[in-house]
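Engineer: what follows is a predicted structure for the sequence shown.
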4 protein chains.
Amino acid sequence: MAVAEISVTPIGTGSPSVSREVACAVSVLRSEKRLKYELTSMGTIVEGDVKDILRVAGRMHQAVLDGGARRVLTNIKIDDRRDKPLTMRGKVESVKRKLET
Amino acid sequence: MAVAEISVTPIGTGSPSVSREVACAVSVLRSEKRLKYELTSMGTIVEGDVKDILRVAGRMHQAVLDGGARRVLTNIKIDDRRDKPLTMRGKVESVKRKLET
Amino acid sequence: MAVAEISVTPIGTGSPSVSREVACAVSVLRSEKRLKYELTSMGTIVEGDVKDILRVAGRMHQAVLDGGARRVLTNIKIDDRRDKPLTMRGKVESVKRKLET
Amino acid sequence: MAVAEISVTPIGTGSPSVSREVACAVSVLRSEKRLKYELTSMGTIVEGDVKDILRVAGRMHQAVLDGGARRVLTNIKIDDRRDKPLTMRGKVESVKRKLET
């Protein structure tokens, strides 16, 4: 299990607003039963298997191109740990515990 | 007003756990009264002026070096819009509205 | 054709040097006949089809885990343009031409 | 001495071409005597002091806004090592040596 962040940005659309295109990418995740996800103001965080994460990132990228964008910039950042399971919730709680002490 | 994501990662610490170092970086934000922030599982999202964001990213980076890391990798991603104010909350709400329609 | 940058970083290895692990990831590209690549000091730039780029990024990530790293951070940034072909060389030349004028 | 990669992308310009804006950001580096830099197809790599890198990233970001972009996305990735000097050339050579063996 890995945690990753995916962001897909259309370039040259003529409008500085990109929420329509971002929604288009995020909606791909609804049909992905094996990935948990969470929307943030800087990207979408997903939790699951690395193979699934890469496959879904490709689908999100393609969805924005299919939506009409002529150029798309996609960022994927994968955090993968093999000595113990990594979860979105566990990562935040671990930092919060250290902040309290 | 811009929204940015900052992540600071120590390299070569000998342990795959980095929560102590991340907490060290995040604690810098407590004394920054002009920046709002939010901890996520992939980084810290901040909202404020670009100058303040860059200055605080430098402080977070330095805090992890001061904490003993011999090598530090820092990622900063700034989203800055001039035609209307950008906020963490506004960005997420705008995508959610499009997802509902 | 897209241009992308891939970087794979081992976490918690005990040494601040990561060149052995980076070489391990980069060596994956030698057997990929459909992708051009170029090593830089901040990552590996690849040129090719998005599907191939995502597949090879997964292989590079896995190679560093197989090499013994307990935690791996992988960044993939894809620049994909559909109105005209995108190449590593063409992108740099286009900026250099503008710098000269 | 750190090595960093900076990329500045205009959003919503109406054209999928961004080389004019990228050249605008890169030209800022010409007057920065304390930073070495190198243009790649995915960003600009700079070598120097972290304080200078952050300051110049802010200037590059501002240059694209001043050039007329209504929204700008800036990525900064800093690799900073304290146990020995880090250079653009040294990093690439170190990986190449490992690839040869």
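Structural biologist: That came through, no problem.

Engineer: close to chain C, is stretch A:45-60?
Structural biologist: Yes. Applying Cβ under 8 Å from any Cβ of the partner chain, one finds stretch A:45-60 in contact with chain C at A:50-51, A:54-55, A:57-58. In this view, the C-beta of every residue, glycine as well, is placed from N, C-alpha and C.

Engineer: what residues of that stretch count as buried?
Structural biologist: Within stretch A:45-60, the residues that count as buried by 16 or more other Cβ atoms under 10 Å in any protein chain shown are A:45-48, A:50, A:52-58, A:60.

Engineer: enumerate every residue touching residue A:94.
Structural biologist: B:17, B:19 (Cβ atoms under 8 Å, 6 or more residues apart in numbering or on different chains).

Engineer: which strand or helix spans it?
Structural biologist: In this assignment (DSSP states H and E), residue A:94 forms part of helix A:88-100.

Engineer: could you give the mean pLDDT of that helix?
Structural biologist: Per-residue pLDDT over helix A:88-100 has a mean of 97.

Engineer: next one: it to chain centre, how far?
Structural biologist: 20 Å (Cα atoms, centre = their mean, to the nearest Å).

Engineer: could you list the buried residues of it?
Structural biologist: Buried residues in helix A:88-100, counted by 16+ other Cβ under 10 Å: A:88, A:91-92, A:94-95, A:98.

Engineer: from the chain's centre, how far out does the lengthiest helix in chain A sit?
Structural biologist: Assignment by DSSP state H gives helix A:50-66 as the longest helix of chain A. Computed by Cα atoms, centre = their mean, the separation of helix A:50-66 from the middle of its chain amounts to 9 Å.

Engineer: with stretch A:85-101 instead?
Structural biologist: 19 Å.

Engineer: close to chain C: what parts of chain A are there?
Structural biologist: Residues of chain A lying near chain C (Cβ under 8 Å from any Cβ): A:11, A:50-51, A:54-55, A:57-58, A:61-62, A:65, A:70-83.

Engineer: now with 6 Å?
Structural biologist: With Cβ under 6 Å from any Cβ of the partner chain as the criterion, chain A meets chain C at residues A:54, A:58, A:70-83.

Engineer: quick check: the farthest pair among those?
Structural biologist: By the measure Cβ to Cβ, A:70 and A:83 form the most distant pair in the residues of chain A next to chain C, at 43.5 Å.

Engineer: between those two, tell me which one has more neighbours.
Structural biologist: Per other Cβ atoms under 10 Å in any protein chain shown, whichever of residue A:70 and residue A:83 has more neighbours is residue A:70, with 17 against 11.

Engineer: got the confidence number for the more buried one?
Structural biologist: Looking at residue A:70, the pLDDT reads 97.

Engineer: just the one 4 residues further on next, same as before
Structural biologist: According to the per-residue confidence, residue A:74 scores 98 in pLDDT.

Engineer: that one: what secondary structure?
Structural biologist: For residue A:74, the assignment made with DSSP: H, G, I helix; E, B strand; the rest coil gives strand.

Engineer: ok, the one 5 residues further on next?
Structural biologist: Remark: residue A:79 carries the secondary structure label strand [criterion: three-state DSSP].

Engineer: what of the one 5 residues further on?
Structural biologist: Recorded secondary structure, residue A:84: coil (three-state DSSP).

Engineer: residue A:12 and chain D, how far apart?
Structural biologist: According to Cβ to the nearest Cβ, to the nearest Å, residue A:12 stands 4 Å off from chain D.

Engineer: and that residue, what does it touch?
Structural biologist: Each residue near residue A:12 by Cβ atoms under 6 Å, 6 or more residues apart in numbering or on different chains is listed here: A:70-71, D:13, D:15-16.
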